[in-house]
Structures are given as C-alpha cells and as structure tokens.
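**Student:** Take this sequence and fold it.
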Amino acid sequence: MSTRASTRRKRTLADSDEEVIVDDIHYRTTQNAQLVARFAGSLASRAQAARAQPQPDPKRARRSRSPSVVFIGIRRVAPAPFNDGAADLVIKTAVETEFMVYRSILAAASPVLANRIATAAERVAAEAPQAAPGSRLQINLPESDFVLETLLRFIYPIPDPVLLDLDDIADVYDAAANRYSVACAVSALKTALASPRFLDVEPVRIYALAKRFGIDDLARIATRAALRQPAEWADYEEFQNMSAQDYHALLSTHRRIARDAVACLSSDAVLRTAATSLFRGAPYRGKCPEDQQCWFTKFKECGQKVLLETPTSDRVCSPGFVAQLATEVQCERCRDVFLKSLLPGSYVEKLKAAIDALPAKYGL
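**Tutor:** The predicted structure follows:
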C-alpha cells in the first residue's frame, strides 16, 4: 500500500474514534441531566410536604427532658450499696432519690439520725399498730444526692470517698458537722482540708472555711501557709461567710511577719552567729566600693522585695536565688563571699532559721 493510501486510512480511523468519543460524552451528559432533574424534583416535593405540616406554637414551653427520661425519673434509686432491697430504712433526698440503708449503721454513726429514726418508728407504731416491728421506715432529708451519698460512704464500712473539689468538701462538712454530727466524716474531711493538695494552692480559702466552721487549728495552719503567697488575694466566695475581723487578722499577721522577716536580714543575732570571714579579712583581687560588703547590700536590697511579698525563707534562702544574685555582683571577691554564704553555719542558714521562727511568735 502506498504512503498516501496509508495516511488516508489512519485519518479515517482517527475520525471514527473521535465520533465514538463524542457520542459517549453526549450520552453521559444527558444521563446526568436526568438525574439532577429527578433529585431537584424530590427536594421540591419534600419542601412542599414540610410546609403542609402544622408548625409548633412558639409560645408553648419546650419540654426540658424527653418523655422517656421523665418516665424513668418517677422513681429514683441510689447506687450500690445503698439500693439493698432488704434494708429497713429508706431516706429520700430533696429530689426524692431513695437510699435504702440499715438503721443500726446510721444510728451508731450519728445521734441526730438515731433520733430521727426513733421518731419515725414511734410515729409508724402510733399510726399503724399492726405493722411489724422491723418493717421498713422512711425519713426525708433536705440534702442533695451528692451530699447524702458522700455522708453514707463515710458512715458505711467501705473505703472513704475521695473528694477533689473544695466546694464539695465544704458542702459535705457543713452537713456532717452542723446538721448530723457524723464524727467519722468530720475527722476525714478535716484531714482533707489540711492536705497539701488544697493548702498549698488555696490557703486563704482554707482559712475562710476554717473560720466558718470554727476549726481553729486549721485556721492557724492556713494562716502560715498563706505567707507563701502575696497578700493580694482574689475575692473568694468564702469571704461572704467570714467576718471582717477574721479577714483583718489574716492580713495584719501577713504584714507583721513580712516586716519582721525584712528586719532579720540585718539583725545582730543573725550577723553575730554567721561566720565573720564572710565580711572581712580575706585577701581579694580588685577593689570593692563598699569594703567587701557589696554582696550583702545586693542581698538585702533584693531580699527585702521578696520578703515583703512572701515572708518565708523558701525563696530568699534558696541556693538558686543566691547564685543568681552572685552573678550580678561585679566585685570578684564579693562574688566569692556571696557563694560562701550558703555554707553550713553561714549567713543564709542563720537567716533561714530566724525567718522560720517568726510564725511561732504569732502563735502559728
């Protein structure tokens, strides 16, 4: 076959392929258009049906819970072990949750509850003489589910609950100490309030709660712990239940100890017991404008600012604080003396002992 004929044949095949491709694209486009039209018609019919339905009245109050939840909530039962069907006492809370417990356990732990149980038994005996002596009684307590369950967990012979929120501890302590006299719960909650988890973070709130509940030993501990924080406290909610006198006592104690701590920096008692070689007598290179005591001037200047805010030895007597100041001293000899003040029996150790003794001066 000649070259011209071969070229004509290839062109004919190519034209045929292009026609097939064009036909296929036309078919798919037509099919997609039909699907889009069908989908649009479906949406239009759904919208028309929705408009035909009656609209809810906007003035009608909305249901706060689903009907199933309301139905289930007709009878609220406490979790184990306070749902024992064989128990002889039912306690209903403020939201009518039923705690099924044993009279003997509660009566032994709380004289208030023992009296309530006895009164309920007498009333049942008077109203229904035919009732069996061991029949189940019911008493109502104006407590939340959380407070009552926590109290019962302290009373029952099971592991004590772990409370991680200070507000929860305050609510349970108020009920245990002031309304039901549950001694075991009061003791455990006092220990929780004095734990470092709360005392190191929020000592002022602990102080306010201690004053509210009359826990004097805890108030002293909290006052001492509050020295680690500047006397610029937030407006805690617990202040509403604390007198102005108690607040003033906390603030004035903080300020008096701060002034005494600043005085310890250059007190004769501290300087006499410190090693005298820190100040004089050792050879050094270079000149010191303050007779080898520029390190002491630097320490007093920075230490005073720290102690007026937080009058404890935690920061001002720490090696990190002293070492940082030593790097800022220009005199080589004084820099060396500065670091030697950290040695046992030297200035920093004596200063720490003097500052740590201040809270006891105020009965803390």
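**Student:** shaky segments in the stretch 101-250 of the chain?
**Tutor:** 129-134 (pLDDT under 70).
**Student:** Residue 218 contacts residue 206, correct?
**Tutor:** Yes: between residue 218 and residue 206 there is a contact under C-beta atoms under 8 Å: 6.8 Å. All C-beta atoms are positioned from the backbone trio N, CA, C, and that covers glycine.
**Student:** got any residues that touch both of those two?
**Tutor:** Common contacts of residue 218 and residue 206 (C-beta atoms under 8 Å, 6 or more residues apart in numbering): 193, 194.
**Student:** Settle it for me: which of the two has more neighbours?
**Tutor:** residue 206 (27 against 20; other C-beta atoms under 10 Å).
**Student:** Apart from its neighbours in sequence, what residue is nearest that one?
**Tutor:** Distance criterion C-beta to C-beta, 6 or more residues apart in numbering; nearest residue to residue 206, sequence neighbours excluded, is residue 222 at 4.2 Å.
**Student:** contacting residues for that neighbour?
**Tutor:** Residues in contact with residue 222 (C-beta under 8 Å, 6+ apart) are 199, 203, 204, 206, 207, 210.
**Student:** for it, helix, strand, or coil?
**Tutor:** Under DSSP: H, G, I helix; E, B strand; the rest coil, the three-state class of residue 222 is helix.
**Student:** do the same with the one 10 residues further on
**Tutor:** Residue 232 carries the three-state label coil when classified by three-state DSSP.
**Student:** For it, grab phi and psi.
**Tutor:** phi -130, psi 70 (degrees, to the nearest 10).
**Student:** got it, and residue 99?
**Tutor:** Phi and psi for residue 99, reported as degrees, to the nearest 10, are phi -110, psi 120.
**Student:** Now do the contacts for it.
**Tutor:** 78, 82, 83, 90, 91, 92, 93, 148, 149, 152.
**Student:** partners of the fifth one in the sheet?
**Tutor:** According to DSSP bridges, the partner residues bridging residue 91 are residue 99, residue 139.
**Student:** Might one say that it is in contact with residue 136?
**Tutor:** No: in this structure, residue 91 is not within contact of residue 136 by C-beta under 8 Å, at 11.2 Å.
**Student:** which element is residue 187 on?
**Tutor:** Using DSSP states H and E, the element containing residue 187 is helix 183-193.
**Student:** neighbouring contacts of that helix?
**Tutor:** 109, 150-151, 154-155, 160, 163, 169, 172-173, 176-177, 198-199, 206, 209-210, 215, 218.
**Student:** buried stuff in it?
**Tutor:** Neighbour-count burial for helix 183-193, counted by 16 or more other C-beta atoms under 10 Å, picks out 185, 186, 188, 189, 190, 192, 193.
**Student:** So which of the contacts of helix 183-193 belong to helices?
**Tutor:** 109, 150-151, 154-155, 169, 172-173, 198-199, 206, 209-210, 218 (DSSP state H).
**Student:** Determine which two of the residues you listed are furthest apart.
**Tutor:** Using C-beta to C-beta, the ones in helices among the contacts of helix 183-193 reach their maximum pairwise distance at 109 and 199, which is 27.3 Å.
**Student:** I'd like the contacts of residue 99 as a markdown table, with distance to residue 266 appended.
**Tutor:** Below are those laid out as a markdown table (distance: C-beta to C-beta, whole Å):
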| residue | distance to residue 266 |
| --- | --- |
| 78 | 64 |
| 82 | 63 |
| 83 | 68 |
| 90 | 70 |
| 91 | 64 |
| 92 | 67 |
| 93 | 62 |
| 148 | 58 |
| 149 | 58 |
| 152 | 59 |
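**Student:** for these, which one is nearest residue 336?
**Tutor:** Using C-beta to C-beta, the contacts of residue 99 come closest to residue 336 at residue 149, 63.9 Å.
**Student:** what about the closest one, neighbour count?
**Tutor:** 18.
**Student:** residue contacts, the nearest residue to it once chain neighbours are set aside?
**Tutor:** Leaving out its chain neighbours, the residue that sits closest to residue 149 by C-beta to C-beta, 6+ apart is residue 78, at 6.5 Å. By C-beta under 8 Å, 6+ apart, residue 78 lies in contact with 97, 98, 99, 100, 145, 149.
**Student:** So residue 254 is in contact with residue 311, correct?
**Tutor:** Yes: assessed by C-beta under 8 Å, residue 254 is found in contact with residue 311 at 7.1 Å.
**Student:** Out of the two, name the residue with the larger neighbour count.
**Tutor:** residue 311 (25 against 20).
**Student:** Which secondary structure state does residue 314 sit in?
**Tutor:** helix.
**Student:** gap between it and residue 355?
**Tutor:** Distance, residue 314 to residue 355, using C-beta to C-beta, to the nearest Å: 9 Å.
**Student:** which one of these two has more residues nearby?
**Tutor:** Shown here are residue 314 and residue 355; by other C-beta under 10 Å, residue 355 has more neighbours (25 against 14).
**Student:** Need the nearest residue in space to that one, chain neighbours excluded.
**Tutor:** residue 313 (4.3 Å).
**Student:** dump the residue contacts of that neighbour.
**Tutor:** Contact analysis of residue 313 by C-beta under 8 Å, 6+ apart lists 351, 352, 355, 356.
**Student:** Can you name every helix or strand that the helix or strand where the third one lies contacts?
**Tutor:** Right, the one you point to is residue 355. Assigned by DSSP H and E, residue 355 falls within helix 347-356. If you count contacts as 3 or more C-beta pairs under 8 Å, 6 or more residues apart in numbering; DSSP states H and E, helix 347-356 packs onto helix 244-264, helix 268-273, helix 313-316.
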